[in-house]
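Undergrad: model this:
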Amino acid sequence: MKIQSKEFHLHHLNYIVRSANEQDAQDLSIIRLQIDGETENLDREKGEAYIDKIGFKKMIRDDTESPHNLFLVVEAHKKIVGFSRCEGNNLKRTSHKAEFGVCILKEYWGYGMGSNLLKESIRWADSTGIKKMILNVLETNDKAIMLYQKYGFEVEGILKKDKLLSDGNYYHTIIMSRLKN
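TA: Numbering: from 1, shown residues only. Model (predicted):
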């Protein structure tokens, strides 16, 4: 599915949140790889579960055609600097929910991009009949947890010792969800 593009301005930076299109595929492949190497907040290490240009083209096409999916990008300085996805499904028993994930280049943290991607995704979910949004967040990612709570997400559960990070320690993954009344 697609949304209408929106412009934002924060801390002297202008950026756009818009639906992904197939021409974004190569840039998304490169950016995802870079983001995976910049933080341990995600499930992957750099190079793991690599998605090439063809893979992103297919994902964007599928997400655009599906009423249960939404693929958004953030563009600043005429380049993609982050993205988010909501992925649902067509199964009758679970078609009321979608899983949300977000990635932003570290250089662009602090500009409200994650917040605006989340707000647009919530707006889309509420307008399309999605009743439940789900996400996973690493227990150490306090800023993300506070952001999600600000927008009505609550802790549903904890996957104990779910991630092994570079310090050799295991960390919990927090499962959060937002239910539309």
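Undergrad: Could you list every helix and strand in contact with whichever strand or helix holds residue 27?
TA: Element membership for residue 27, per DSSP states H and E: helix 25-38. Here helix 25-38 touches helix 53-65, strand 79-87, strand 97-104, going by 3 or more C-beta pairs under 8 Å, 6 or more residues apart in numbering; DSSP states H and E. Quick note: C-beta positions are derived from backbone N, CA and C, even for glycine.
Undergrad: And the strands in this structure?
TA: 6-10, 13-19, 70-76, 79-87, 97-104, 132-138, 154-164, 170-179 (DSSP state E).
Undergrad: Okay, buried residues for the longest one please.
TA: What it means is strand 154-164. Neighbour-count burial for strand 154-164 flags 162-163 (criterion: 16 or more other C-beta atoms under 10 Å).
Undergrad: what's near enough to touch residue 170?
TA: Taking C-beta atoms under 8 Å, 6 or more residues apart in numbering, we find residue 170 in contact with 161-164.
Undergrad: what sits opposite residue 175 in the beta ladder?
TA: Residue 175 forms beta bridges with residue 136, residue 157, as assigned by DSSP bridges.
Undergrad: any idea how far residue 157 is from it?
TA: 5 Å (C-beta to C-beta, to the nearest Å).
Undergrad: ok, and what's touching the longest helix along the chain?
TA: Counting residues, the longest helix in the chain under DSSP state H turns out to be helix 113-128. The contact list for helix 113-128 (C-beta under 8 Å, 6+ apart) reads 1, 3, 6, 8, 15, 17, 67-68, 70, 72, 74, 81-84, 86, 98, 100, 102, 104, 130, 133, 144, 147-148, 151-152, 178, 180.
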